[in-house]
Structures are given as C-alpha cells and as structure tokens.
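Asker: here is the input, now give the coordinates:
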Amino acid sequence: MAADLAAVPFWRYIPPEAQMVTDWSGGQTRELYLAPAGTSYAGCDFTLRLSSATVEVPESHFTHLPDYNRLLMPLVGTVKLQHDGGPVKTLPPLAVDAFSGGAATDSWGQCRDFNVMLRRGSGYRAAVKGYPTGRETLAIALCGHDFLYAAQGSYRWQAAGKQLLAEGGLLVLQRPGELQLLPQDETGLLVHVQLWREPVS
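Answerer: Okay, here's the model as predicted:
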C-alpha cells in the first residue's frame, strides 16, 4: 500500500467517465478508486476501495468482507444498519458508521451512499467527512493521503493553472498542506477521505 501511494504524483484526477459502474441486486455501484493497481473488488485482493452506491430496495444485506474495515456515509436519504443482530443504527445524510466487513450487516432504507473499504493490517486508518457547500471558498486541510469527491456540484482548485473537479469526479492528493476550492454551484456536497499511518507499538 505504501509503495503504491508513494508512486502517485502530488495530484491525480479521476473523472466520472473513467469510473466503473456496475449493477447489484439493489441498485448501482460506482467504483471511484481502487488500489493497488491490478487488483479487483471481485478478487478481494485490493487494499483500498472508494465507491458510491445507490440503494433502491427497502431492505438489503451487505456482502461479507471479513478482511476489511468499512466506513459508510449516506449522501442522500436515511438508512438503518444492524451488525450481527445488534442495535439498529439510524444514519441520516452525512452521518458515518464504522464497522467490520465481516459482520452480518442488514440495511433498511433507500439512499445514495459513500463507502470506504480498507484492508485490515494495511498499516493505515481512514476517516471520511461530508461538506455541504455554497459559494464560499473552502480551505481543506490535507494530511498527505487525501481524496476529494464532488458528490454534488463542481469545484475549481489551483495547481498548475486552474483545474476543475467536476461533479462525480475524484481528486487524489499526496502532499500535506491546504487546498483552496472554489464551488461553482449554489449548493454542493464535497466528500473528504483521509488516510494516515497507524502508530507503531
């Protein structure tokens, strides 16, 4: 994982048309990012996967992924989750649930969500946060392994000239600091994923 991340330049942009969209029994999944190169979701040999899915059925059951930790955040709609028969959690938009991919997870409610899957033992931890945006410029603090997803609306940002993060696009950033983003729409939604190394005991 570390070698793969280090190989990525300071920034990389993945436009919507370069993302793979697949059907599942309850809707569609858009794969935004998968690492390292040459791995696949079906093969369960990846380290990190970012995706956004639609849930169009009232009840569903999550795929069993015992080698992964997961983060799920509804973008639109409210969903209820239950892991291993435990308490039912209600997640409104932009609330985050962290859980084991090996848990027996049931879901109720229709939504569009954002998913992070990170292999256990990778040496990294992940966090995800959603930002509703207006016209004001955003200052995003970068930890060094960051992903910005334009879930709604588009954004201008400065690199070697002004670049556009189009709606549905993903920006991969590999340098700590601060990034200035100028929203191009009256209302938008930006998702920020951060990875950081786990402390060595």
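
Asker: how far does stretch 135-154 stretch from start to finish?
Answerer: 11 Å (C-alpha to C-alpha, to the nearest Å).

Asker: any idea of the mean pLDDT in that stretch?
Answerer: The predicted model assigns stretch 135-154 a mean pLDDT of 95.

Asker: list the buried ones in that stretch?
Answerer: Within stretch 135-154, the residues that count as buried by 16 or more other C-beta atoms under 10 Å are 138, 140, 142, 145-154. Where C-beta positions appear, they are placed from N, C-alpha and C, glycine not excepted.

Asker: just the closest of these to residue 119, please.
Answerer: Taking C-beta to C-beta as the measure, residue 119 lies nearest residue 145 of those, at 14.6 Å.

Asker: so what's that closest one closest to, chain neighbours aside?
Answerer: Leaving aside its chain neighbours, residue 145 sits nearest to residue 195 (3.9 Å; criterion: C-beta to C-beta, 6 or more residues apart in numbering).

Asker: for the one you found, give its distance to residue 39.
Answerer: Distance of residue 195 to residue 39, given as C-beta to C-beta, to the nearest Å: 16 Å.

Asker: also residue 189?
Answerer: Distance of residue 189 to residue 39, computed by C-beta to C-beta: 28 Å.

Asker: more neighbours: which of these two?
Answerer: Shown here are residue 189 and residue 39; by other C-beta atoms under 10 Å, residue 189 has more neighbours (20 against 17).

Asker: what helix or strand does the more buried one sit in?
Answerer: Using DSSP states H and E, residue 189 sits within strand 188-197.

Asker: report the buried residues of that strand.
Answerer: Judged by neighbour count (16+ other C-beta under 10 Å), strand 188-197 contains these buried residues: 188-195.

Asker: before we move on, what about stretch 10-27?
Answerer: The neighbour-count check on stretch 10-27 (16+ other C-beta under 10 Å) flags 11, 13-14, 19, 26-27 as buried.

Asker: now the end-to-end length of that stretch.
Answerer: Terminal residues of stretch 10-27 lie 34 Å apart, using C-alpha to C-alpha.

Asker: what does stretch 20-30 give?
Answerer: 6 Å.

Asker: quick one: mean pLDDT over it.
Answerer: pLDDT averaged over stretch 20-30 equals 91, rounded to a whole number.
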